[in-house]
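*Asks:* okay, here's the prediction I keep looking at, along with the sequence it came from:
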Amino acid sequence: METKEIINTQKGELKCLLEREDLDLQTAENRLEEDVVIDSQVNKNIIHFYFCLEGSGVFAFGPHYSRPIEKQHNYFFYNPDMDLPFQLRLAPQTRIVAFSIRLESLHKLFTHEALPFLKPENAKTKLYDEREIPSILLVVLNQIFSVNLSESAEKLYYHGKVLEILGLYFSDKKPDTEACPFLNDQETVRKIKQAKEYLLKHMDSPPGLKELAKVAGLNEYQLKVGFKEIYGNTVFGFLLDHKLDQSRVLLDTSKYQVNEVAYRIGYANPSHFIAAFKKKYGVTPKKYLMNLSRKV
């Protein structure tokens, strides 16, 4: 696939990490206190993903149309009709991971049930998607900036990262409405999703199950059963996983000590955080940090 020239100036960096015939992986970074503009385009019949990890940016498709991208959000672009040139304006202290893959190559990765947009009847349909990046995917994306590999190994590593990102991006669990009759009601599904958003916004001091159900306008049984069906975990199991994923994101920056990370994600006692981290990842946060420092 055609990729853009690597830019490395005082204003920032656009770097091609992986270039293959059917896909490429790039990072864009602005480390200064002024905007950086990068010329690019949405290529015909190519699927494009942009993940904003820090800062923000604006996609300007012309003088009359632009679309902002915020921190911890991502865009998915696909246009089967034509190439669409645009300028990507990066705000100061912004980091973005971008990769592109041919439609037919993505199709081959899903050997069983095809994704809806991969079905033949949708091949000529323009597609656009905006999502919040889940914590588990943020961990994987941040690793792209922190890893330091030999030249002989890095291409294999980055190819594996692209596959990992795709797997996580398209792994949203679909509710089994037959197993869970509550989820036949779209209003109930909306309320459960509202409960999840409220829980994440108040993760430093999370509400009890009774309070959360009241906020969402559900009874406790509906919330417990519906939440487990949609998100594959209990309410507070989901919150714990989210906190620990966030802790890895913070540790990957190498800016924080273990105690600081514990307090930032809502633990009053760092030893409880250390125990939970080790249980999930098989290593203590301190050991995790030491492993990171060896890679740099």
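*Replies:* On my side now, so go ahead.
*Asks:* distance of Gly57 relative to Ile274?
*Replies:* For Gly57, the distance to Ile274 equals 36 Å [CB to CB, to the nearest Å]. Every residue, glycine included, has its C-beta placed from N, CA and C.
*Asks:* the more surrounded of these two?
*Replies:* Per other CB atoms under 10 Å, whichever of Gly57 and Ile274 has more neighbours is Gly57, with 27 against 18.
*Asks:* wait, what's in contact with that one?
*Replies:* Gly57 makes contacts with Pro68, Ile69, Leu88, Arg89, Leu90, Ala91, Thr94, Ile96, as judged by CB atoms under 8 Å, 6 or more residues apart in numbering.
*Asks:* take those and lay them out in CSV including secondary structure and neighbour count.
*Replies:* Rendered in CSV, the data for these read as follows (DSSP: H, G, I helix; E, B strand; the rest coil; neighbours: other CB atoms under 10 Å):
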residue, secondary structure, neighbour count
Pro68, strand, 12
Ile69, strand, 22
Leu88, strand, 20
Arg89, strand, 18
Leu90, strand, 27
Ala91, coil, 20
Thr94, strand, 23
Ile96, strand, 25
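*Asks:* closest to Gln41 among these?
*Replies:* Relative to Gln41, the closest of these is Leu88; by CB to CB it sits at 10.1 Å.
*Asks:* need the pLDDT of Leu251.
*Replies:* According to the per-residue confidence, Leu251 scores 88 in pLDDT.
*Asks:* was I right about it contacting Val261?
*Replies:* Yes. With contacts counted by CB atoms under 8 Å, Leu251 reaches Val261, the gap being 6.0 Å.
*Asks:* now the common contact residues for those two.
*Replies:* Taking CB under 8 Å, 6+ apart as the contact rule, Leu251 and Val261 both touch Pro285.
*Asks:* buried ones in stretch 133-146?
*Replies:* With burial defined by 16 or more other CB atoms under 10 Å, the residues of stretch 133-146 counted as buried are Ile133, Pro134, Ser135, Ile136, Leu137, Leu138, Val139, Val140, Leu141, Asn142, Gln143, Ile144.
*Asks:* mind listing residues that contact it?
*Replies:* 17, 25, 27, 29, 51-53, 72-74, 95, 97, 158, 161, 164-165, 168-169, 241-242, 245-246, 248-249, 252-254, 292, 295-296.
*Asks:* Pro207: what secondary structure?
*Replies:* Per DSSP: H, G, I helix; E, B strand; the rest coil, the secondary structure class of Pro207 is coil.
*Asks:* which phi and psi does the closest residue to Gln72 other than its chain neighbours have?
*Replies:* The shortest distance from Gln72 to any residue other than its chain neighbours is 4.9 Å, reached at Ile133 (CB to CB, 6 or more residues apart in numbering). Phi and psi for Ile133, reported as degrees, to the nearest 10, are phi -80, psi 120.
*Asks:* now do Leu127
*Replies:* Listed backbone geometry of Leu127 is phi -130, psi 140, with angles given as degrees, to the nearest 10.
*Asks:* so for the closest residue to it other than its chain neighbours, what's the pLDDT?
*Replies:* Taking CB to CB, 6+ apart as the measure, Leu127 lies nearest to Tyr78, with 4.2 Å between them; neighbours along the chain are not counted. Residue-level confidence at Tyr78 comes out at 86, pLDDT.
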